[in-house]
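> Need the 3D shape of this:
(one chain, ligands or ions: 2)
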Amino acid sequence: MKKVSVIGSTGSIGKKAVDLLLHNREEYKVIALSAYSNFALLTHQAKLLDAEYVVISNKEFYKNLKEELLGTNIKIEADLINIAAIPVELLIVAVVGIAGLEPVIHAIENGTKTIALANKESIVCGGKLLFKKAKENGTQIIPIDSEHSAIFQILENNGQCIEKIILTASGGPFLNYSNEQLKNATINKALTHPTWNMGKKISIDSATMMNKALEVIEAHNLFDINPNKIEVIVHPESVIHGIAVYPDGTNFALMALPDMTLPISYAMSWPQRSALSCKLDLAKQNTLTFQAVDHERFPAVNLSIKVLNSHSPDVYSIVLNAANEVAVNAFLTLQIEFLEIIEVINLAIENFSNYTHISSLSDIIYIDRESRAITQEFIDNKTCNQKSLSM
Ligand code: NDP
Ligand code: MG
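Ligands and ions are numbered 1, 2, ... in the order given. A predicted model of the protein is given here:
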């Protein structure tokens, strides 16, 4: 049986991974699961899957988890890093945010050979260091992000001399909003994605199109491809996930239902494929449409290109990611308005200047912390100014 751990098992991706494990119990031995605060679901999953270890990252819930697990053999580990360090044949990383990076690095360094990686923030921030460590330790990273899973699958068969890759974007819930409507965009509307049902943070990222901005950097790091060869196209139906374009004008596109079960299952069974019931019915699909990104209303994608073409792409990728995590949280807690998310990220990038070289995980953590502090300062100043204006 394949030994597997899932970190972030209680989230949108994590739950789908757990479902796949439950449907294929004879193939997998579950070693560890983790959550941030949802101890009840974590306990339920651990019992169902007969997991050996669990971790709850928010220590406030440690006692609750302990009580729920009384009478079972399931052990509680103190830290996410501890379970990431247990070598397994497959580690599924479904944590959100840069919190996923340290466990990924620990897993690589401790002998895990395959990582199915949904956590795009760790690819964005880990950059060259992450892939260098993976190479040195012989760890295969398989992306779960649907666009990157698509490109990964295409390149596996046709990796030679590609001209460019194209990532599709649904356009999010505000695709047809005017500038005026964007100004007043509410949290609820921003959380309601037309095609994908996802966690809160990535839903907001999708509404600002920062999700695609992160994905451009993710693709650059994953496939070692020049930023000028990465394009984004809006495709609201989300049936085509990624396209590789070859010099003779041939386009290889991957089509599948917009259901994350597919890329998760692919990453889990790679290099094989499992049978699934999510089949695409093209006749029912009727139309597939495409349009260019409106960079004026959605400046995020250009911001990522600017970062990748800067003098320190690795550093500014971390700044962009950190500023975005802080700004999304500020939007969700009513500290800033929707359009201010990108404004604040821009300010953080323009004002970050005190670090230029990354050689270790602690450099990344330092840049992340500094960027968060700068971003929060901009947000606090904004809130103060707005309060004094309204007085
Ligand atoms: P969710 O918010 O639904 O789930 C996040 C998971 O991580 C939960 O298990 C959560 O625990 C845990 N978690 C949250 N914060 C922390 C932390 N600080 N430390 C440790 N664990 C934490 O996110 P999604 O499943 O939507 O996304 C997960 C990742 O996958 C993201 O990086 C996202 O960009 C990427 N992704 C997601 C897609 C999707 O369809 N959802 C598509 C493509 C990529 P708890 O439940 O207790 O809060
Ligand atoms: Mg994606």
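> make it CA atoms for all contacts and neighbour counts henceforth
Will do.
> Stretch 12-32 near ligand 1 at all?
Yes: part of stretch 12-32 sits near ligand 1 under the criterion C-alpha under 6 Å from any ligand atom, namely Ser12, Ile13, Gly14.
> Surely the first one touches Lys201?
By that I understand Ser12. No: between Ser12 and Lys201 there is no contact under C-alpha atoms under 8 Å: 11.1 Å.
> ok, and the residue lying closest to Asn179 once chain neighbours are set aside, which helix or strand is that part of?
Distances taken as C-alpha to C-alpha, 6 or more residues apart in numbering place Arg297 nearest to Asn179, at 6.4 Å, with adjacent residues excluded. Using DSSP states H and E, Arg297 maps to neither a helix nor a strand.
> Same check on Lys47?
Judged by DSSP H and E, Lys47 forms part of helix 39-49.
> what's in contact with the next helix or strand after that helix?
Downstream of helix 39-49, the first helix or strand assigned by DSSP H and E is strand 53-56. For strand 53-56, contacts defined as C-alpha atoms under 8 Å, 6 or more residues apart in numbering pick out 31-39, 42, 46, 62, 65, 74-80, 83.
> Ok, stretch 153-173 next?
With C-alpha under 8 Å, 6+ apart, stretch 153-173 has contacts from 147-148, 151, 189-190, 192-195, 206-209, 212, 216, 229-238, 240-247, 252-254.
> just the buried members of these?
147-148, 151, 190, 192-193, 195, 206-209, 212, 216, 230-238, 240-246, 252-254 (16 or more other C-alpha atoms under 10 Å).
> Report the buried residues of stretch 167-184.
Those would be Leu167, Thr168, Ala169, Ser170, Gly171, Gly172, Pro173, Phe174, Leu175, Leu182, for stretch 167-184 by 16+ other C-alpha under 10 Å.
> For ligand 1, see how far away Cys384 is.
28 Å (C-alpha to the nearest ligand atom, to the nearest Å).
> still on that earlier bit, could you name the helices and strands sitting against the helix holding Lys47?
Here helix 39-49 touches helix 12-23, strand 28-35, strand 53-56, helix 62-68, going by 3 or more C-alpha pairs under 8 Å, 6 or more residues apart in numbering; DSSP states H and E.
> partners of the very next helix or strand once past the last one in the sheet?
It stands for helix 62-68. Per DSSP H and E, the first helix or strand lying C-terminal to helix 62-68 is strand 75-76. Strand pairing for strand 75-76, determined by DSSP bridges: strand 53-56 (parallel).
> For ligand 1, tell me whether the partner strand is touching it.
No: using C-alpha under 6 Å from any ligand atom, strand 53-56 stays clear of ligand 1, with a minimum separation of 7.4 Å.
> measure Glu87 to His241 for me?
You called it Glu, but residue 87 is Pro. 32 Å (C-alpha to C-alpha, to the nearest Å).
> Neighbours of Glu343, how many?
14 (other C-alpha atoms under 10 Å).
> What of the one 5 residues further on?
Applying the criterion other C-alpha under 10 Å, we find 26 residues in the vicinity of Ala348.
> got the contact list for it?
Applying C-alpha under 8 Å, 6+ apart, the residues near Ala348 are Val319, Leu320, Ala323, Ser371, Ile374, Thr375, Phe378.
> residues touching the residue of the stretch 51-200 of the chain found nearest ligand 2, list them.
Proximity of the stretch 51-200 of the chain to ligand 2 (C-alpha to the ion) peaks at Asp145, 4.6 Å away. When contacts are counted by C-alpha under 8 Å, 6+ apart, Asp145 is found next to Leu117, Ala118, Lys120, Pro263.
> about what we covered before: tell me the confidence at the residue nearest to Asn179?
Turning to Arg297, the model gives it a pLDDT of 97.
> before we move on, back to that, let me have the helices and strands packed on helix 39-49 in a markdown table, extended by distance to Asn329 and mean pLDDT.
Shown next, in a markdown table, are those (distance: least, C-alpha to C-alpha, whole Å; pLDDT from 0 to 100):
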| stretch | distance to Asn329 | mean pLDDT |
| --- | --- | --- |
| helix 12-23 | 18 | 98 |
| strand 28-35 | 19 | 98 |
| strand 53-56 | 21 | 98 |
| helix 62-68 | 24 | 98 |
